[in-house]
Every structure is written in C-alpha cells, then in structure tokens.
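Student: what follows is a predicted structure for the sequence shown.
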Amino acid sequence: MPALPLDDAGPYVAGAYLVFLSLFLIFVAFMASKLVRIERELVELSDLVEGRRAAAAEEERETEAVPR
C-alpha cells in the first residue's frame, strides 16, 4: 500500500517538479551572473596586460633610440 494513493499524489509530484525547476533556474541564473562577472574581469586584466606590454615596448624603443 503506497503512503499516498496515486490519484492524490499528482499535485504533490507537480509541486516537487516546480520546486526543482525553480531551484535549477535560480542556480543557472547565479552561475550566469558569475560567468559575466568573471568575463568582465578577464577583459579588464587583458587590457591591463596589453597596456603594460605597449608601455614596455615603447620604453624599449626609446632606450634603443638614445645613443650612449
């Protein structure tokens, strides 16, 4: 004998699926927001590295141009 007759279990099963689906969507939204933040930071770090490389290259060109 089941704990709950099958004809009465339908709303509970649907409710369980809705709870699971809502938790899953919240998790996906949370991970998407983290991914966007990490991507933004990665672009910022890439820009910083490129700026430093350009500054170093410019400084190297200036030191080569100056005769000693």
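Tutor: Nice, thanks for sending it over.

Student: from residue 28, how far out is the spatially most central residue of the chain?
Tutor: In the chain, the C-alpha nearest the mean C-alpha coordinate belongs to residue 35, at 0.8 Å (CA atoms, centre = their mean). To residue 28, residue 35 is 10 Å away according to CB to CB, to the nearest Å. All C-beta spots, glycine's among them, are computed from the backbone N, C-alpha and C.

Student: same question for residue 60.
Tutor: To residue 28, residue 60 is 47 Å away according to CB to CB.

Student: ok, residue 9 - how many residues close by?
Tutor: Neighbour count of residue 9, defined by other CB atoms under 10 Å: 13.

Student: which strands and helices lie in contact with the helix or strand hosting it?
Tutor: Element membership for residue 9, per DSSP states H and E: helix 6-65. Contact here means 3 or more CB pairs under 8 Å, 6 or more residues apart in numbering; DSSP states H and E; on that basis helix 6-65 packs against no helix or strand.

Student: model confidence over it, on average?
Tutor: Average pLDDT, helix 6-65: 92.

Student: for that helix, the distance to its chain's centre please.
Tutor: Its chain's average C-alpha position is 1 Å from that of helix 6-65, according to CA atoms, centre = their mean, to the nearest Å.
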